[in-house]
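Engineer: when you get a sec, could you give me coordinates for this:
(one chain, ligands or ions: 1)
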Amino acid sequence: MSEGAHTAEQVTLARLPSGVELTTTVHTYRGDESGPTLYVQAAQHGREINGTEVLRRFHDRLPLESLSGTVIAVPVANPLTFDRVSYTTPEQLDSINPNMNRIWPGDSDGSLHQRMAARLWEFVTAADALVDLHTGSPDMLPHVVYREDDERSRSLADAFGTDLLLSEQADEDAPDEWHHRGFAGKLRVAAAEKGIPSITPELAHNKQILEDVVDEGVDGLLDVCRYLGLLPGDVPDRDPIVARNHLGQVTADDSGLFRPAPSLEVGKSISEGTAIGTVYHPATYEPLHHARADRDGVLYALTREATVTAGDQLASVALVREE
Ligand SMILES: [Zn+2]
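Structural biologist: Numbers count the residues shown, from 1 in each chain. You can find the predicted model right below:
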């Protein structure tokens, strides 16, 4: 009878200034039958811990005896930001590249984040598909991002199965903002560039373990395994809404307290001009900005943290491409 094998290996990602070695755990699940390799990681933005909980439950639910091929899973890709419950590292550790998800495939002679990424990249290049688990800001609809016109990544996104998929334009197709913000250095983009189908699930909010969303993430990973032939069984046919981009954001024109429009809910279709909420002066009560949607689309993120500074993101609206 086939059994499969699980190993957990401590891998050194980089050395800190003090000489302390920064390590993380890499889980490998190997089936007795041959098959493809899936690489999945969580928490390269350390406050985005729903992915870590997804991998813990995936560990319990993965039927090793039915596995054909290999799954490599890294639950804490970035221990530095994990411990800080942050998105980026402090300047003292990496003043050049504070955001780990802008520097893939990394550089073993580069800055701290570049070295960490380069070590993990060795596992990535052995993979036939990649899932990089993230969570967004409150309040966000779970969705999967993939590279526009990359059909293999699109199929992987379909298999993961969220109701909303977001396609992101890349390289020469992408708007200036994509380039300014260094999105070419995202793990998903770098892997897709290497020919590895890649997706980024954004599993709702950060900092909190959200039961429904974690369940959705585990089911999504198991369906990705079925889609790849790592596990037996079929992936259900789905009919997601496909919309475009990460960049359609409504931002605050002024600083103050933001009160979202009470009737708004993420996941709703809204039209251009829909009231998103009001930024007001907390002391004088003067309304400073009546924020409105700048386009028709799906409202997929809405800020619930009320204290905002001019320029902060208030809401994200994605342009629908297919329904
Ligand atoms: Zn993230």
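Engineer: make it CA atoms for all contacts and neighbour counts henceforth
Structural biologist: OK.
Engineer: setting the sequence-adjacent residues aside, check what's closest to whichever residue of the stretch 1-150 of the chain sits closest to the ion.
Structural biologist: For the stretch 1-150 of the chain, the nearest residue to the ion under the criterion Cα to the ion is residue 134, separated by 4.5 Å. Take residue 134 and drop its neighbours on the chain: the residue closest to it by Cα to Cα, 6 or more residues apart in numbering is residue 202, 4.8 Å away.
Engineer: quickly list what that neighbour is bridged to.
Structural biologist: residue 134, residue 143 (DSSP bridges).
Engineer: stretch 140-153 and the ion in contact?
Structural biologist: No: no part of stretch 140-153 sits near the ion under the criterion Cα under 5 Å from the ion; the closest distance found is 11.6 Å.
Engineer: and residue 235, which of the three is it?
Structural biologist: Classification of residue 235 by DSSP: H, G, I helix; E, B strand; the rest coil places it in coil.
Engineer: that one: what's it in contact with?
Structural biologist: Contacts for residue 235 were tallied using Cα atoms under 8 Å, 6 or more residues apart in numbering; they are 159, 223, 226-227.
Engineer: apply 10 Å and report the result again.
Structural biologist: 158-161, 220, 222-228 (Cα atoms under 10 Å, 6 or more residues apart in numbering).
Engineer: so of those, which ones are in helices?
Structural biologist: 158-160, 220, 222-228 (DSSP state H).
Engineer: distance to residue 116, neighbour count and pLDDT for the residues you listed - can I get that in JSON lines?
Structural biologist: Putting the ones in helices among the contacts of residue 235 into JSON lines (distance: Cα to Cα, whole Å; neighbours: other Cα atoms under 10 Å; pLDDT from 0 to 100) gives the following:
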{"residue": "158", "distance to residue 116": "30", "neighbour count": "25", "pLDDT": "97"}
{"residue": "159", "distance to residue 116": "29", "neighbour count": "24", "pLDDT": "98"}
{"residue": "160", "distance to residue 116": "27", "neighbour count": "28", "pLDDT": "98"}
{"residue": "220", "distance to residue 116": "27", "neighbour count": "23", "pLDDT": "98"}
{"residue": "222", "distance to residue 116": "27", "neighbour count": "20", "pLDDT": "98"}
{"residue": "223", "distance to residue 116": "29", "neighbour count": "24", "pLDDT": "98"}
{"residue": "224", "distance to residue 116": "26", "neighbour count": "25", "pLDDT": "98"}
{"residue": "225", "distance to residue 116": "26", "neighbour count": "29", "pLDDT": "98"}
{"residue": "226", "distance to residue 116": "30", "neighbour count": "17", "pLDDT": "98"}
{"residue": "227", "distance to residue 116": "30", "neighbour count": "20", "pLDDT": "98"}
{"residue": "228", "distance to residue 116": "28", "neighbour count": "21", "pLDDT": "98"}
